[in-house]
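**Student:** no FASTA, just this:
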Ligand code: NAD
Ligand code: IPM
Ligand code: MN
C-alpha cells in the first residue's frame, strides 16, 4: 500500500476545527479504497506560535516542509492580535512563494442538494486558475512623506514567465474540459500590466485554436458570475483578481465556507499546498459551527492530485448526499454543527 506523508498546518481560528474534521474524512476515504493511506504530521504554526516565539514558523520551517509529499493547511490570521501582513507573509504566502506554488486552482460548481443564493441558477461548473506568485501581490513599494503629503506606493509585477505559466496552465485545463477559456483583464484602466496580460493571452491562444477564447474586464466578469455563471468553463486571472473572483465563486455556490483550493507546484520539485478559499473566520471560531466542507473538498482535490480521482468523486458525492438531507451549518442557512456535518459526510462515504 502506498503511504503519503502529509504536513498538516491547522493554523488559526476555524482552521484548527475544520482540519481535523477533514482528516477524518480523508482517512476513511483512503481506508475504503485500500490502495493508499496517509501519515499526517501536524505543525502548530500560526499566530499563537508567533505570540510565543516572535515567528509564524521556525527558521527551518520551509526545509522541514520539503520533506513531505504535500501540505494540508487550514487558515492563517488573527487580525486582532497579529497584523495580517505579518501573519500571512510569515506563513501562508511564504510557503506559496518558497515552494513555487505558482498556480492556484479554485473550482466552483452548483452542488446537488444545496440551493444557490442566485435566483434561478442554471447548472454552473467552472474553475478559476489564479496566478499565485506575483502580480498585485509583489512586495514592492513603500511609503513617502507624512501627514497630508503622505503617499503609499504598491507596484504590481507581471513577468513573462509567470504570466505565460498561468495562462498556459489554464489553456491546458480548458483543453481537458469544455474547451472555453475566459481571461480576466482590466486593460481599459490599468495601462501596463493588463495590456501585457492581454498580449500574452492572445499569443498563447494562437497555439490553441480549438479553444473558445473570451476576454472580460474584471468588473463585468464579476457581474457575469452572478448573472450567468453557467457560461464559464476555465477563468484565468491575476493574483488579486483571482482572489476576489473565488470568494464570489464560493458565495454563488452557497457560502465561501465550502469553496476549495489547491496551490500547485506544477514543476513537481516541491510539495503542493491544499488550503481552502476561506480564512480563519474569527467571528465564529471556537463555536463548533464552522463549515468543514471547504476543507473536506480541498482534501478531495489533494486526493485527485495524488492520482485517485474516483476516490475524490466519492467524497464529493458524500458531500452532496449530506446536503440533500438538509444537513448544513449556519452559513448555509442550516442549524447543524461542524461535528454533525462531518458525521453525515463520513456516514455517506461507503
Ligand atoms: P474569512 O474567510 O475568514 O471570513 C469571511 C466570512 O465568512 C466570515 O463571516 C466568516 O464567518 C465566514 N466564513 C468563512 N469560512 C467559513 C466557514 N468554513 N464556515 C462558516 N463561515 C465561514 O475572511 P476574513 O474575515 O476577511 O479574514 C479573517 C482572517 O483570515 C484574516 O486574518 C484574513 O487575513 C485571514 N484569511 C486567511 C486565509 C488563508 O489562510 N487561506 C484566507 C482568507 C483570509
Ligand atoms: C486567499 C487569501 C489570501 C490571499 C490572503 C489571506 C493573503 O485571501 O488565499 O484567498 O489573498 O491570497
Ligand atoms: Mn482570498
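**Tutor:** Nice, I can see it. As the structure is a computational prediction, the values presented were derived from the model and not from experiment. Numbering: from 1, shown residues only. Ligands and ions are numbered 1, 2, ... in the order given.
**Student:** Residues of the stretch 251-350 of the chain that sit close to ligand 1?
**Tutor:** The stretch 251-350 of the chain comes close to ligand 1 at residues 256-257, 275, 278-284, 290-291, 294, 329, 331, as judged by C-beta under 6 Å from any ligand atom. From N, CA and C alone the C-beta is placed, and that goes for glycine too.
**Student:** wait, which of these is closest to ligand 2?
**Tutor:** Lowest distance from ligand 2 to these (C-beta to the nearest ligand atom) belongs to residue 279, with 5.8 Å.
**Student:** Now do the same for whatever residue of the stretch 251-350 of the chain ends up closest to ligand 1: helix, strand or coil?
**Tutor:** Distance from ligand 1 to each residue of the stretch 251-350 of the chain (C-beta to the nearest ligand atom) is smallest for residue 279, at 2.3 Å. Here residue 279 is coil, with the state taken from DSSP: H, G, I helix; E, B strand; the rest coil.
**Student:** What subset of the residues of the stretch 251-350 of the chain next to ligand 1 is buried?
**Tutor:** Among these, those buried by neighbour count (16 or more other C-beta atoms under 10 Å) are 256-257, 275, 278-282, 284, 290-291, 294, 329, 331.
**Student:** Would you point out the most distant pair within the residues you listed?
**Tutor:** 275 and 329 (19.2 Å; C-beta to C-beta).
**Student:** Find the nearest non-adjacent residue to the residue of the stretch 51-200 of the chain found nearest ligand 1, please.
**Tutor:** Closest contact between the stretch 51-200 of the chain and ligand 1, by C-beta to the nearest ligand atom, is at residue 77 (2.1 Å). Excluding its sequence neighbours, the residue lying closest to residue 77 (C-beta to C-beta, 6 or more residues apart in numbering) is residue 280, at 4.6 Å.
**Student:** again, but for residue 329
**Tutor:** Nearest residue to residue 329, sequence neighbours excluded (C-beta to C-beta, 6+ apart): residue 291, at 4.3 Å.
**Student:** and the residue sitting nearest the centre point of the chain, what does it touch?
**Tutor:** For the chain, the residue nearest the mean C-alpha position is residue 261 (2.7 Å; C-alpha atoms, centre = their mean). Residue 261 sits next to 104-106, 246, 274-277, 298, 301 when contact means C-beta atoms under 8 Å, 6 or more residues apart in numbering.
**Student:** I'd say residue 299 and residue 318 touch.
**Tutor:** No - the pair residue 299 and residue 318 does not pass the contact test of C-beta atoms under 8 Å, sitting 11.8 Å apart.
**Student:** Neighbour count: those two, which is higher?
**Tutor:** Of the pair residue 299 and residue 318, residue 299 is the one with more neighbours under other C-beta atoms under 10 Å, namely 28 against 22.
**Student:** The more buried one and residue 70, how far apart?
**Tutor:** From residue 299 over to residue 70 the distance is 10 Å, taken as C-beta to C-beta, to the nearest Å.
**Student:** Can you pull the residues that touch both of those two?
**Tutor:** residue 274.
**Student:** Switch the buried ones among the residues of the stretch 251-350 of the chain next to ligand 1 over to CSV; also include secondary structure.
**Tutor:** Putting these into CSV (three-state DSSP) gives the following:
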residue, secondary structure
256, helix
257, helix
275, coil
278, coil
279, coil
280, coil
281, coil
282, coil
284, coil
290, coil
291, coil
294, helix
329, coil
331, helix
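**Student:** Now do the contacts for whatever residue of the stretch 1-150 of the chain ends up closest to ligand 2.
**Tutor:** Of all residues in the stretch 1-150 of the chain, residue 88 sits closest to ligand 2, at 4.3 Å by C-beta to the nearest ligand atom. Residues near residue 88 by C-beta under 8 Å, 6+ apart: 76-77.
**Student:** is it fair to say it lies in a helix?
**Tutor:** Yes - under three-state DSSP, residue 88 sits within a helix.
**Student:** And the strands in the stretch 101-250 of the chain?
**Tutor:** Assigned strands in the stretch 101-250 of the chain, in chain order: 103-109, 125-131, 135-144, 151-157, 180-185, 212-217, 234-237 (criterion: DSSP state E, counting those that start in this stretch).
**Student:** Turn these into JSON lines, including mean pLDDT.
**Tutor:** Below are these laid out as JSON lines (pLDDT from 0 to 100):
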{"stretch": "strand 103-109", "mean pLDDT": "98"}
{"stretch": "strand 125-131", "mean pLDDT": "98"}
{"stretch": "strand 135-144", "mean pLDDT": "97"}
{"stretch": "strand 151-157", "mean pLDDT": "98"}
{"stretch": "strand 180-185", "mean pLDDT": "99"}
{"stretch": "strand 212-217", "mean pLDDT": "98"}
{"stretch": "strand 234-237", "mean pLDDT": "99"}
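**Student:** Please identify the deepest-packed of these.
**Tutor:** Here the criterion is mean neighbour count by mean count of other C-beta atoms under 10 Å, and of these the winner is strand 234-237, at a mean of 28.
**Student:** partners of that strand, with directions?
**Tutor:** Note on strand 234-237: by DSSP bridges, its sheet partners are strand 125-131 (parallel), strand 180-185 (parallel).
**Student:** who does the longest helix along the chain touch, helix- and strand-wise?
**Tutor:** Using DSSP state H to define each element, the chain has its longest helix at helix 15-33. Counting contacts by 3 or more C-beta pairs under 8 Å, 6 or more residues apart in numbering; DSSP states H and E, helix 15-33 is packed against strand 2-11, strand 36-42, strand 70-75, helix 293-306, helix 309-324, helix 338-348.
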